[in-house]
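Q: Predicted model and sequence follow; I will ask about them next.
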Amino acid sequence: MHVLEFERVEASAGRHRRALVQVTVETGERLFHRPAGPAAAGQPHAIAAYRDSLRLLISYAATTTGAQPVDLDIADLDTVLVMTFLTHLQTVRGNSTATRNARLAAIRSLFRYAVLHAPEDAAVIQRVLTIPPRRCDRTVVDYLTTAEADLLLVTLPRHLARTP
């Protein structure tokens, strides 16, 4: 599984910086399976959705900044970049507002995790965490009444009806 890890790496000029991307399974377990993570609700698809959201973000950030994904720093993912990424999702990729908000939830999860492991970037992290979700209309799910369900079952062809 490709996931994120915050690890000190040697940068040019002999100083240390935090690398954003390091591929390890152990970090994925920590990020995605922590008590407040997507696995807390027992949803394996949520883990895949979060992973895919973060992959999209890192790919977009690398393309936008011209840096390799491994060279990205958490400070590179500032509010402006995240907001343009979210706009990109809706305008270029054609995602709905609900999908945009789901991607934002994954980004927030990453940044809530990052604040514990990269406190020197707390100002950038805090600004990203203040990005609000967009309001969207929710589809009302109507259920059939008993009479409507009975009528539907009567109109089904006999070969589709199940017999007890």
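A: Received it, and whenever you're ready, just let me know what you need.
Q: quick one: contacts for the residue of the chain most remote from its centre?
A: Residue farthest from the centre of the chain, counting by Cα atoms, centre = their mean, is residue 158 at 45.6 Å. Applying Cβ atoms under 8 Å, 6 or more residues apart in numbering to residue 158 gives no contacts. Placement of C-beta: from N, CA and C, glycine included.
Q: do residue 121 as well
A: 18, 73, 74, 75, 114.
Q: and those as CSV, adding distance to residue 105?
A: Formatted as CSV, the contacts of residue 121 follow (distance: Cβ to Cβ, whole Å):
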residue, distance to residue 105
18, 23
73, 23
74, 18
75, 22
114, 15
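Q: Narrow these to those in helices?
A: Residues of the contacts of residue 121 located in helices (DSSP state H): residue 114.
Q: just the contacts of residue 121 now: which is nearest residue 100?
A: The nearest member of the contacts of residue 121 to residue 100, counting by Cβ to Cβ, is residue 114 at 20.7 Å.
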